[in-house]
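1. the following comprises the amino acid sequence and a computationally predicted model.
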2 protein chains.
Amino acid sequence: MAKRASHDKAECPVARTVDIIGDEWSLLILRDAFDGLRRFGEFQKNLGLAKNILATRLRHLVAHGILEHAPASDGSAFHEYVLTDKGRDLFHVLVGLRQWGEHHCFQPGEPHSVLVDAQKGQPVRPLEVHAHDGRRLDATDAVVKKVSEQKPRAKR
Amino acid sequence: MAKRASHDKAECPVARTVDIIGDEWSLLILRDAFDGLRRFGEFQKNLGLAKNILATRLRHLVAHGILEHAPASDGSAFHEYVLTDKGRDLFHVLVGLRQWGEHHCFQPGEPHSVLVDAQKGQPVRPLEVHAHDGRRLDATDAVVKKVSEQKPRAKR
DNA sequence: CCGTATCCATTCCGATACTG
DNA sequence: CAGTATCGGAATGGATACGG
């Protein structure tokens, strides 16, 4: 009865995405994956979550093609979880979360980690949203066009 | 015993952010808030979640300064929930989720809503991450610099 | 070292009834 | 319309023990 709602059929891309990665642990696992963590034990130690939960989340991410579970690239006999291309495309989401946190979740002077350009060591620029023609947009300049409002195309 | 882990003390901005908005309903509420929804009933109807849960989430978002609960701007006697500046800064996160979903969660030809420039009606550009000097970065070009690795400054 | 299996407390979610 | 109160079922999360 109290089955968790699912939005995997929604016409809204946000809903579908949130349905897949919209939970605390998955997002943190992804953060660590972008940080280069690969092994089960690394995730477990770094996140401090129970192994069964980690296993569930990893399975889920693998099932959705975000992580790949493959034999380790180095000689070791173990397997590792690495981001697929699809998973790497979540980069912007993680950067967005990070930048918002840097800006809004710390007291002035309170130390926090920073995302920097690997070459120069400089912090990355804040994300911006741009229109098709390059104009910068903020939240009030953008609207969601619903499917039903879209120009119907050839029947399919 | 099975209390949910909290990351509000983490030094990682992603962890703190995820701690606040890293759950399904909060993210969907925010999506709707960016869509212009304001009233309790609008959220409830559009999301189809129980009122008590919605109330809890809204309270939480208000407590964290992401939404503001104020009397309606129009004449009506009711209150409404509107994004604060802090909340509006989550725009990039939502755009990131949306774009990923548009790209990865739909079959070719399957219809979905689209985020467009309000002026011209054109879809917005895909997000990009840029270095301080403007070079475009992907996930492998950026690294997280931990607090402990940062150059110590004057004692504080 | 990498997971699976089990147990149990807690939390969450949905439905409904009820109040202002 | 906008919530609060309550309830039961479900899923989650944490700990631990166990097998590959």
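-> Nice, I can see it.

2. can you pull out the strands in chain A?
-> Assigned by DSSP state E, the strands in chain A fall at A:67-71, A:79-83, A:114-117, A:129-130, A:136-137, A:142-145.

3. tabulate those (CSV), appending mean neighbour count and distance to chain B.
-> For the C-beta atoms, the positions are set from N, CA and C on the backbone; glycine is no exception. Output for the strands of chain A, formatted as CSV (neighbours: other CB atoms under 10 Å in any protein chain shown; distance: least, CB to the nearest CB, whole Å):
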stretch, mean neighbour count, distance to chain B
strand A:67-71, 15, 13
strand A:79-83, 18, 7
strand A:114-117, 20, 4
strand A:129-130, 19, 4
strand A:136-137, 15, 6
strand A:142-145, 18, 5
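
4. out of those, which is closest to B:Leu27?
-> Closest to B:Leu27 of the strands of chain A is strand A:142-145 (CB to CB; 14.7 Å).

5. the closest one pairs with which strands?
-> strand B:114-117 (antiparallel) (DSSP bridges).

6. quick check: mean pLDDT across the strand it pairs with?
-> The predicted model assigns strand B:114-117 a mean pLDDT of 94.

7. just send the strands of chain A back as CSV, with distance to B:Val143 too.
-> Formatted as CSV, the strands of chain A follow (distance: least, CB to CB, whole Å):
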stretch, distance to B:Val143
strand A:67-71, 20
strand A:79-83, 15
strand A:114-117, 6
strand A:129-130, 24
strand A:136-137, 27
strand A:142-145, 30
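
8. so who does the closest residue to A:Phe91 other than its chain neighbours touch?
-> In space, and not counting its chain neighbours, A:Phe91 is closest to B:Ala139: 4.3 Å by CB to CB, 6 or more residues apart in numbering or on different chains. Listed by CB atoms under 8 Å, 6 or more residues apart in numbering or on different chains, the contact set of B:Ala139 reads A:Phe34, A:Leu83, A:Arg88, A:Phe91.

9. if we use 10 Å, what do you get?
-> A:Ala33, A:Phe34, A:Leu83, A:Gly87, A:Arg88, A:Asp89, A:Leu90, A:Phe91, A:His92, A:Leu94, A:Val95, B:Val129 (CB atoms under 10 Å, 6 or more residues apart in numbering or on different chains).

10. where do the helices sit along chain A?
-> For chain A, the helices defined by DSSP state H occupy A:13-21, A:24-34, A:40-47, A:51-63, A:85-88, A:91-104.

11. identify whichever of the ones you listed lies nearest to B:Lys45.
-> helix A:13-21 (15.2 Å).

12. which elements pack onto that closest one?
-> In terms of contacts (3 or more CB pairs under 10 Å, 6 or more residues apart in numbering or on different chains; DSSP states H and E), helix A:13-21 is packed against helix A:24-34, helix A:51-63, helix A:91-104, helix B:24-34, helix B:91-104, strand B:114-117.

13. is that helix positioned near DNA strand D?
-> No - judged by CB under 7 Å from any atom of the strand, helix A:13-21 stays clear of DNA strand D, getting no closer than 11.2 Å.

14. next one: that helix to chain centre, how far?
-> Remark: helix A:13-21 is offset 10 Å from the chain centroid, using CA atoms, centre = their mean, to the nearest Å.

15. go through it and flag the buried ones.
-> For helix A:13-21, the neighbour count (16 or more other CB atoms under 10 Å in any protein chain shown) marks A:Pro13, A:Val14, A:Ala15, A:Arg16, A:Thr17, A:Val18, A:Asp19, A:Ile20, A:Ile21 as buried.

16. for the closest residue to DNA strand C within chain A, give me its contacts.
-> Of all residues in chain A, the one sitting closest to DNA strand C is A:Gly41 (2.4 Å; CB to the nearest atom of the strand). A:Gly41 makes contacts with A:Lys51, A:Leu54, A:Phe78, as judged by CB under 10 Å, 6+ apart.

17. that one and A:His79, how far apart?
-> Remark: distance between A:Gly41 and A:His79 (CB to CB, to the nearest Å) = 11 Å.

18. that concludes my questions; thank you for your assistance.
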